[in-house]
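Enquirer: Can you look at this prediction? I've put the sequence above it.
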Amino acid sequence: MTDVVAALAPTRVLVPVLAELEAADVVVHDGHEHTVDKEASAGIVALRAPDGRTAMPVFSSVAAMQAWHPHARPVPSDAARAALSAVGEGWEVVVLDPGGPVTAVLPRPAVWALAREQRWRPAVVDGVVDAEVVAAVADAVAGIAAVAGVRAEPGRRAEVAVVLALVPGLDRAALDDVLARVNAGLAAHEVVAARVDSVELRLTQAPG
């Protein structure tokens, strides 16, 4: 995926625009109802990714766009500008050629890097969490007394799993408080926010 993002960065892509009917009148002619377009506008299309996030589709060619939707109008754009538009709309991912023949899904950190015209550095490479991300995770939860230890490893349901070793004896209220503080710390950390696409928490108990 890093090669795809690097190759995409200096190129132009096609952003699909579809007409959206805003209002219409229904008229009767010869006993039949007919819908007449009254006002229409063109809008950039958003997709729903399988994980529920909103995605912007972009295309490498007119043929690829027409195979996906024959009525879409191609609007050329620099890849960086398209990514910036996705970020501005609050759309988390960009999908390149969703109609195939080869589809690439760019995760949120890659989209941010494209928008900033920076090199994307994945959080996990060859099954290993990058050292900067490991340090950032530790820094994000530092000072939370109930956390006796933390490590970051590739996730099963998310990109990165944050494994917390918690002190024994926490009741439900204390556990909820710890998890809320951990989530807040991770979300607020600049490196974690910029480089990690998704996080899952795993809980273990520190030796008593």
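Expert: Nice, I can see it.
Enquirer: quick one: low-confidence ranges for this structure?
Expert: Confidence mapping of the chain against pLDDT under 70 gives the ranges 20-42, 208.
Enquirer: contact partners of the host helix or strand of Pro109?
Expert: Using DSSP states H and E, Pro109 sits within helix 108-115. The contact list for helix 108-115 (C-beta atoms under 8 Å, 6 or more residues apart in numbering) reads 1, 5, 8-9, 53, 79-80, 82-84, 86-87, 92-94, 106, 119-123, 194-197. Where you see a C-beta, it was placed from the backbone N, CA and C, and this is true even at glycine.
Enquirer: can you give me the end-to-end distance of stretch 161-171?
Expert: Using C-alpha to C-alpha, to the nearest Å, one end of stretch 161-171 lies 23 Å from the other.
Enquirer: Could you check that stretch and say which residues are buried?
Expert: Neighbour counts over stretch 161-171 (16 or more other C-beta atoms under 10 Å) mark 161-167 as buried.
Enquirer: is it true that Ala83 touches Val94?
Expert: Yes. Judged on C-beta atoms under 8 Å, Ala83 makes contact with Val94 at a distance of 6.2 Å.
Enquirer: Pull up the overlap in contacts between the two.
Expert: Joint contacts of Ala83 and Val94 (C-beta under 8 Å, 6+ apart) are 106, 111, 114.
Enquirer: now the last one, nearest residue through space, not along the chain?
Expert: Residue nearest to Leu114 in three dimensions, not counting chain neighbours: Ala83, with 3.7 Å by C-beta to C-beta, 6 or more residues apart in numbering.
Enquirer: got it, and the first one?
Expert: Once its chain neighbours are removed from consideration, Leu106 has its nearest residue in Val94; the separation is 4.4 Å (C-beta to C-beta, 6+ apart).
Enquirer: same for the helix or strand hosting the one you found, what does it pack against?
Expert: In the assignment (DSSP H and E), Val94 maps to strand 93-96. If contacts are counted by 3 or more C-beta pairs under 8 Å, 6 or more residues apart in numbering; DSSP states H and E, strand 93-96 sits against strand 54-58, helix 79-89, strand 104-106, helix 108-115.
Enquirer: Alright, I will stop here.
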